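Colleague: Have a look at this prediction, sequence included:
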Amino acid sequence: MAAVKSGVFLKAVGAIAAVVSLLLGLNQITGVVQQLRIHHKDFSEAIASGERETERGDHAAAFRSFERAAKLDPLDQQAQSQETDSAMRWLETVHATGKQSFADVANQLLPVLDNAQVKAKGQAAGDILAHVAWANFLKYRDGVREGVNVDDALKAALAADPNNVYAHAMSGRWILWQGGELQAATSHFTAALATSRVRPYVRELQLAALTDGDSAERDAEALRVANDMRKSGETLDASLRQKIFWNNFTSRFRSKDRLAASLSVLSRQETVATYDWLDDRTADAVKSASRAFVEANLNEIQGRRDEALGQYQALQKQLLKTDIALASAVDSAIQRLTHLH
């Protein structure tokens, strides 16, 4: 009887132990599931944040969000791809600040790009390698020379994808940054535009290069580019618009020869149309007088001296008793044409 009771007791103890073990196991599984749920929630939130930040153009914040997602799930290819894309977009739009230099950003992003390019092929590889070159260019701008090789990185990008839009656009910018030949740079920008990819970005690099520094040759090319953009309905950043207008027109009003050079780059019709397109100033007496002065100069350049003289004289009367700086240039033009008569 005692043996039977002992056996029942042991069975009961065994059953209880099994139940306890089961409960412990379920608790562990529940914990793992809970951790997975938290992990997935954090991952999804990081991806969603990165996408929202990308939409509003905050590529630095987007990069940090996608970087976090990639660390939460190192095997997720979408997170890695978005991290790489945001790194490239950040490089394209980065601005140096008191807290962060170009080199700081480049050094932060280069490891991501280096890792991504190992698995990339074709156009994707070209895009990444071109941005590696751009990161090196930004470091070069900051005065870093050790370990910086922009040329080799651009060659690698073009080797991976000979028609790569970024590699060509960035090559054009790099050539002019070093004071190289305009024709060589122009061929790269032309190749970049022919791809029909990221056209606004190509134009941004092209015009930034052409308006950087004091060069009559570059000023003329910038005017040609602006004319092409006008005819094709492209938009132009306000700061670049003002630079092109200043370099080709306003800054030359006191120099007949320099202004004549700008007014001879395009046909008369295209010159007037592009002048008006670039001049985004509010309508006032200065804007009206400047436009009339350009029209008179165009007539003078084309040999219509009597017509030009009449326009200058009408403008002189209009400017009487004003402090508009253009008055002295008008007086000089009248003296010049009167002397020829």
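Modeller: All right, it came through fine.

Colleague: who touches residue 141 in this structure?
Modeller: residue 102 (CB atoms under 8 Å, 6 or more residues apart in numbering). Heads up, the C-betas are built off the backbone N, CA and C, glycines and all.

Colleague: Please parse this structure into its domains.
Modeller: The chain breaks down into these domains under automatic domain parsing: 38-90, 102-210.

Colleague: Any stretches of the protein with poor pLDDT?
Modeller: 1-39, 340-341 (pLDDT under 70).

Colleague: ok, back up a step: tell me the most buried of the domains of the chain?
Modeller: domain 102-210 (a mean of 19; mean count of other CB atoms under 10 Å).

Colleague: First residue to last residue on that one, what's the distance there?
Modeller: 21 Å (CA to CA, to the nearest Å).

Colleague: now do stretch 116-129
Modeller: 10 Å.

Colleague: Distance from the chain centre to that stretch, please.
Modeller: 20 Å (CA atoms, centre = their mean, to the nearest Å).

Colleague: let's number from 8 now, not from 1
Modeller: All set: I'll call the first residue 8, so the last point we hit is now stretch 123-136.

Colleague: if we look at it, which residues are touching it?
Modeller: Residues from elsewhere that reach stretch 123-136, judged by CB under 8 Å, 6+ apart: 87, 91, 95, 120, 139, 160, 163-165, 167-168, 171, 173-174.

Colleague: and residue 273, which of the three is it?
Modeller: coil (DSSP: H, G, I helix; E, B strand; the rest coil).

Colleague: actually residue 57, sorry about that
Modeller: Secondary structure for residue 57, judged by three-state DSSP, is helix.

Colleague: which residue packs closest to it, ignoring adjacent ones?
Modeller: Nearest residue to residue 57 in three dimensions, chain neighbours excluded: residue 72, at 3.5 Å (CB to CB, 6 or more residues apart in numbering).

Colleague: do the same with residue 335
Modeller: residue 261 (7.3 Å).

Colleague: mind putting the domains of the chain in CSV, distance to residue 339 included?
Modeller: Converted to CSV, the domains of the chain look like this (distance: least, CB to CB, whole Å):
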stretch, distance to residue 339
domain 45-97, 47
domain 109-217, 29
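
Colleague: Grab the two from the contacts of stretch 123-136 that are most spread out in space.
Modeller: For the contacts of stretch 123-136, the maximum inter-member distance is 24.5 Å, found between 87 and 165 (CB to CB).

Colleague: which residues sit against stretch 189-203?
Modeller: The contact list for stretch 189-203 (CB under 8 Å, 6+ apart) reads 170-173, 175-176, 178-180, 182-183, 206, 209, 212-213, 216, 224-225, 228.

Colleague: contacting residues around residue 90?
Modeller: Contacts of residue 90 (CB under 8 Å, 6+ apart): 70, 73-74, 76-77, 119.

Colleague: repeat that with 6 Å
Modeller: Residue 90 sits next to 73-74, 77 when contact means CB atoms under 6 Å, 6 or more residues apart in numbering.

Colleague: Just those: which are in helices?
Modeller: Of the contacts of residue 90, the ones assigned to helices by DSSP state H are 73-74, 77.

Colleague: which one of these sits closest to residue 280?
Modeller: When those are compared against residue 280 (criterion: CB to CB), the nearest one is residue 73, at 44.2 Å.

Colleague: returning to what we had before: residue 326: which of the domains of the chain is closest?
Modeller: Comparing these against residue 326 with CB to CB, the closest turns out to be domain 109-217 (32.5 Å).

Colleague: how about the helices of the stretch 8-157 of the chain, start to end?
Modeller: All helices of the stretch 8-157 of the chain, identified by DSSP state H, counting those that start in this stretch, fall at 9-62, 66-79, 84-100, 109-126, 129-148, 157-167.
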